[in-house]
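**Student:** Coordinates for the following, if possible.
(chains A and B)
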Amino acid sequence: MAGQLLARAVRSLALVLACLSPLSASASEAAGFTALVAPSAARAPFTLEAARSPDGALLLRWKVEPGNYLYRDSLEATLDGAAVPLERPAGEAKDDPNFGVVRIFPRDVEASAGGIGRAGRLRVTYQGCSEKGICFPPQARLVNLASLSIEAAPPGLTSSKADASSGESPAAVASEAVAARAVDEGDGIAALFRGGLGGTMLAFLGFGLLLALTPCVFPMIPILAGMLTRSGEALSWRRSLVLTGAYVLAMAGAYGLVGAVAGWSGANLQAALQTPLALGVTAAIFTALALSMFGLFDLALPAGLAARLAGRGGNGSLGGAALLGFGSALIVGPCVTPPLAGAMLYAASTGDAATGAATLFMLGLGMGLPLMLVGLFGPSVLPRSGVWLERAKQLFGVVFLGVAILLAGRLLPPPATLALLGLLLVGSAAFFGGFDRLTASSGPAARLARSGGMVAALYGATLIIGAAGGAQDPLRPLAFAAARTAGQPTADTAVTIASSAGFDRAIAEAAAGAAGSRPILVDFTAAWCTVCRSNAAVMAAPELRARLAPLTQVTADVTDYDDATRTLMERFRVVGPPVLFLVDAQGREIPGTRIVGPVTVEEITRRLDAAGA
Amino acid sequence: MQRRHVLTLAGLLAAGMALPVAPLLAQGVDVEAILRDPAAPTAGNPKGDVTVVAFLDYNCPFCKKAAPDLERAVKEDGRIRLVYKDWPILSEASVYGAQMALAAKYQGGYGKVHHALMAIPGRGVSKEQMAAAVRASGVDIDRLNADLQLHAGEISSLLKRNLAQAESIGLQGTPTYLIGPFRTSTLDYAGFKEAFAEARRRQAAE
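**Tutor:** The predicted model follows:
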């Protein structure tokens, strides 16, 4: 039973970690919409400029080409994934009998954001249409808050938080396919979302149960027991249960209130909790909590305070019990702050007060459920200590340390995070007996524990090796080795450029080199272009590698959409990557060799044949 | 009642919005692939003499405004081959809507879903609203779900192909209609009729 509880608790913690982890944001972005939209080289109907007002507020100005308009509600800004409120003018009402009233900006418009620091890059998105009856794709820009320079960004619409939390299958997230979701029979998407919310509530209940096992909640037991014993000697088990119920509900209600505030304040809280200072402090608190779990020191309420609280609720009334529960939650709160902060982050990320309240209420309920046992059977039912509790505490300690590392990971270079995780794994493997000697009489459980420990140690060691090699992805710590070998064969004939001048230089060098007058393969690509990545895989196919090896390859990297790359794209009339074509030794495109979009081995072979390469 | 968007083809030509498609051939764009992608849903007369390619998004207000006019014009003309290019660029829900419409194609229900989605007014239609409209459209939802799973790869590659094609001819936004040799955005009923006639005249002259 304890094992089951643990499993559930770990799973719920994983959910909260998913909200905290920097991985989740990038994963949803990759699976989202980015792949379907590429920047257009045509003249933009809207241009964004940034400035600072005398009082330090950030000013965002959109120039709107005549005949176009921006949707007021489409002007949005985020900083590190958290929404930044924008002061926008009211705009003009556009009353369309077909679509109702929308507010638009048909002329240049300025919005301001106060209280924005001078570090980081603000992501600004906007969308609009032309009066001529055409709607442009959403645009995204990154505003460098230090220099106020602006660069283009892939307009990835991240999937909504509700989707992210309902547990999309990893396969769907990982695959290139646009995340498809089936329509549920019955109530369709709404039901699906409700199912997701239900799961989340259950997870938070489990997370609460996990917190109930931390020493933080133990001080509540004497408070509760004191209240029950003082309220009269002839206390029926029913009355006792009702009183305990009121106590637990009130405690859960207090957390629900916190959740409602978190959800209501939305991303502001998230933004506040994302600052290096808050991250550092939270990581430190997690570390301290972990150390306490390892038995370095005990966490408990000051005895006097506990006694006063117990005295206050001594009248045995429902209201008194509720007041006591509410008060206890707030008193015990600081002790469970770090996990609570995680839960609050989740609540805030939903941006919805009701959801925030509901999830944190469930968390409080989970924390209070074991107390119901106290109400039923008296304080003797809860094991005060024992080997299993010690082991469980140590396990939480490891988990808390992991959380601390993930939090610190936002401030540290990725390889350092990897190395820390590796150290944690190796260390815990040793502490949990992964390296202990097995004897002939060791039972299967002991042997299983050793294997688990050794696997953890091996994975930890791999992470440390990966960190030494500069790896960033904990799931692929040794990928750097593979990447190096794969890149080798083309290294001598491939040139990467990002400007028109760079292109001319590359062509001149190729003409002077061994390749002589052979055609040159030009490949427009960008880091955000997922199709380009699969194209690269196609070109690395063995049957093409031999064919491409003698050719000079010029890779035009247009990841940064700046003047240089724009000129380069205009020169070759490239709307956006991926575009592949052959040029002759003078740098002129060979007609009929251009491929736009995904490529196949056959298509490239055909173009090479046609160009006589 | 609102006729502010009434734009004749002549006006569009003058404004440079209706561009002849022919120069695209010179740029090495595979026009045939755009006109005759076997996976793209079609409507109208399969043997029609003029092909209309509609690049649409289910959260594009102008697409929705023009949809009944286009449908009526195509129906009355009787010799128009209409190709639907789902080009979901405006919102995430657009992608979802396009996937559902394309999944319905496997049971011959693309038209039903397409019309249901185009009939929801506005530009901020959510996935939930789209799902409700699809359920009410009369297609077999279980079948649609199964096809969505079964043909996920085909659907996603068609969407990517549409995107690449739109990009290759430098389309700026939705809606964009390729009508014979012309490219245009929103038209009304009279505008579509006129464009069909003009396209036919040009084709005959070539």
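**Student:** Okay, and the residue nearest the centre of chain B sits in which element?
**Tutor:** Nearest to the mean C-alpha position of chain B, by Cα atoms, centre = their mean, lies B:Ala54 at 2.7 Å. Element membership of B:Ala54 [criterion: DSSP states H and E] is strand B:50-56.
**Student:** Then A:Ala50?
**Tutor:** Going by DSSP H and E, A:Ala50 is part of strand A:46-52.
**Student:** Helix, strand, or coil at A:Leu224?
**Tutor:** helix (DSSP: H, G, I helix; E, B strand; the rest coil).
**Student:** contacting residues for it?
**Tutor:** A:Thr244, A:Tyr247, A:Leu324, A:Leu371, A:Val374, A:Gly375, A:Pro379 (Cβ atoms under 8 Å, 6 or more residues apart in numbering or on different chains). All C-beta spots, glycine's among them, are computed from the backbone N, C-alpha and C.
**Student:** switch to 10 Å and redo it
**Tutor:** A:Leu224 makes contact with A:240, A:243-244, A:247-248, A:251, A:310, A:313, A:321, A:324-325, A:328, A:368, A:371-372, A:374-375, A:379 under the criterion Cβ atoms under 10 Å, 6 or more residues apart in numbering or on different chains.
**Student:** What about chain B: which of the residues you listed touch it?
**Tutor:** Applying Cβ under 10 Å from any Cβ of the partner chain, the subset of the contacts of A:Leu224 adjacent to chain B is empty.
**Student:** what packs against the host helix or strand of A:Leu363?
**Tutor:** Taking DSSP H and E as the criterion, A:Leu363 maps to helix A:353-377. Contacts defined by 3 or more Cβ pairs under 10 Å, 6 or more residues apart in numbering or on different chains; DSSP states H and E place helix A:353-377 against helix A:2-20, helix A:161-165, helix A:188-212, helix A:220-230, helix A:237-265, helix A:318-332, helix A:337-350.
**Student:** what's the burial count for A:Ala501?
**Tutor:** 12 (other Cβ atoms under 10 Å in any protein chain shown).
**Student:** List the contacts of it.
**Tutor:** Here A:Ala501 is in contact with A:Ala564, A:Thr567, A:Leu568 (criterion: Cβ under 10 Å, 6+ apart).
**Student:** just those now: which is nearest A:Arg547?
**Tutor:** A:Leu568 (25.9 Å; Cβ to Cβ).
**Student:** Not counting residues beside it along the chain, what's closest to the closest one?
**Tutor:** A:Ser500 (4.8 Å; Cβ to Cβ, 6 or more residues apart in numbering or on different chains).
**Student:** Could you report the separation of A:Ala512 from chain B?
**Tutor:** Look at A:Ala512 and chain B: by Cβ to the nearest Cβ, to the nearest Å, they are 29 Å apart.
**Student:** That residue and A:Val495: what is the separation?
**Tutor:** Relative to A:Val495, A:Ala512 is positioned 13 Å away (Cβ to Cβ, to the nearest Å).
**Student:** Which one of these two is surrounded by more residues?
**Tutor:** A:Val495 (17 against 9).
**Student:** who does the helix or strand containing that one touch, helix- and strand-wise?
**Tutor:** Here A:Val495 sits within strand A:494-497, counting by DSSP H and E. Here strand A:494-497 touches helix A:500-512, strand A:520-525, strand A:552-557, helix A:563-571, going by 3+ Cβ pairs under 10 Å, 6+ apart.
**Student:** Averaged pLDDT, the second one. What do you get?
**Tutor:** What that stands for is strand A:520-525. Mean per-residue pLDDT for strand A:520-525: 88.
**Student:** same thing with stretch A:422-438?
**Tutor:** pLDDT averaged over stretch A:422-438 gives 80.
**Student:** buried residues in that stretch?
**Tutor:** Neighbour-count burial for stretch A:422-438 flags A:Gly422, A:Leu423, A:Leu424, A:Leu425, A:Val426, A:Ser428, A:Ala429, A:Phe432, A:Gly434 (criterion: 16 or more other Cβ atoms under 10 Å in any protein chain shown).
**Student:** Next: stretch B:108-122.
**Tutor:** B:Gly109, B:Tyr110, B:Gly111, B:Lys112, B:Val113, B:His114, B:Ala116, B:Leu117, B:Met118, B:Ile120.
**Student:** Tell me which two in the buried residues of stretch A:422-438 are the farthest apart.
**Tutor:** A:Gly422 and A:Phe432 (15.9 Å).
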